[in-house]
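K.L.:
Show me how the following folds:
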Amino acid sequence: LAKMALNTLMTPAMSSEVERVFSSTRRLITDDRNRLGDDVIKTVECLKSWL
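P.N.:
Below is the predicted model of the structure:
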């Protein structure tokens, strides 16, 4: 029950943040950069959110 409550409470109230991340990731992964690994993409997105 506690895990279920945490999953419910962790759901974002609005999808704008998720949509923003998808848009910025789409700009990051281009034909020239299509071999970037998942770890690099996650790191770049994390660093962008800190700045």
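
K.L.:
quick one: contacts for the most centrally placed residue in the chain?
P.N.:
Against the mean C-alpha coordinate of the chain, by Cα atoms, centre = their mean, the closest residue is residue 21 at 4.9 Å. For residue 21, the contacting residues are residue 45, taking Cβ atoms under 8 Å, 6 or more residues apart in numbering as the criterion. Quick note: C-beta positions are derived from backbone N, CA and C, even for glycine.

K.L.:
so what's it scoring on pLDDT?
P.N.:
On the pLDDT scale, residue 21 is placed at 75.

K.L.:
So it: helix, strand or coil?
P.N.:
On the three-state scheme (DSSP: H, G, I helix; E, B strand; the rest coil), residue 21 is labelled helix.

K.L.:
same thing with the one 4 residues further on?
P.N.:
Local secondary structure at residue 25 is given as helix here, using three-state DSSP.

K.L.:
please renumber so the chain begins at 59
P.N.:
New numbering, starting at 59: the last item is residue 83.

K.L.:
what about it, how many residues close to it?
P.N.:
Close neighbours of residue 83, defined as other Cβ atoms under 10 Å, add up to 14.

K.L.:
cool, residue 95 as well?
P.N.:
8.

K.L.:
cool, and residue 80?
P.N.:
Once other Cβ under 10 Å is used to define contacts, residue 80 is seen to have 10 neighbours.

K.L.:
so how far is residue 61 from it?
P.N.:
Applying Cβ to Cβ, to the nearest Å, the value for residue 80 to residue 61 is 27 Å.
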